[in-house]
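[1] how does the following fold in three dimensions:
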Amino acid sequence: MPVAPRVVLDTNVWISGIFFRKGVPARLLDSWIDGRFQIIITASILSELAEQLRKKTERFGASPKLADQWLGYIDMYAEFVLAQNLAADVCRDPKDDQFLDAVVSGAAACLVTGDKDLLVLQSFQNIPIITPREFANTLGIV
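    This next block holds a predicted model:
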């Protein structure tokens, strides 16, 4: 059996997948739950995700349990890596450097994002930066 690819998801993919359950990001999250790939995450990415989940839960009128359930699942099943600060001042938006750091620190196969500030780079240290649809195509789920 092939080894599941190690992948970093940008916050926008998480938010879209959790709150808009009919799109490609939702299919990706379902595929992760099914074991098709491994999520790599750092403490700073989890912190940003937790903050955004709480904001969007309130904005969309969803139950706060939704955020807690996802954060609990991530805590249990994602692979946490220590950020090594290997990507300082690479991105147009400095807040996005944490995702580049995570892909290198966690030896990820790719970074999956919808963020144009990241996508414009196309890769970082030979690690592809791809859209959710591109990743879904590699998994054969679209």
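
[2] so L71 is in contact with L53, correct?
    Yes. Using CB atoms under 8 Å, L71 is in contact with L53, at 6.8 Å. Just so you know, the C-beta spots here come from the backbone N, C-alpha and C atoms, and that holds for glycine as well.

[3] who's more crowded, these two?
    Ranked by neighbour count (other CB atoms under 10 Å), L71 and L53 place L53 first, with 24 against 15.

[4] now the more buried one. Its backbone dihedrals?
    Here is the backbone geometry of L53 (degrees, to the nearest 10): phi -60, psi -40.

[5] what do you get for the one 10 residues further on?
    With angles defined as degrees, to the nearest 10, S63 shows backbone torsions of phi -70, psi 140.

[6] please name the nearest non-neighbouring residue to it.
    The spatially closest residue to S63, leaving aside those adjacent along the chain, is T57, at 7.3 Å (CB to CB, 6 or more residues apart in numbering).

[7] assign a three-state SS to the one you found, would you?
    helix (DSSP: H, G, I helix; E, B strand; the rest coil).

[8] next, count neighbours for it.
    Every residue meeting other CB under 10 Å relative to T57 is counted, giving 19.

[9] mind listing what it touches?
    Going by CB atoms under 8 Å, 6 or more residues apart in numbering, T57 touches 63-64, 66-67.

[10] same thing but 7 Å
    64, 66-67 (CB atoms under 7 Å, 6 or more residues apart in numbering).
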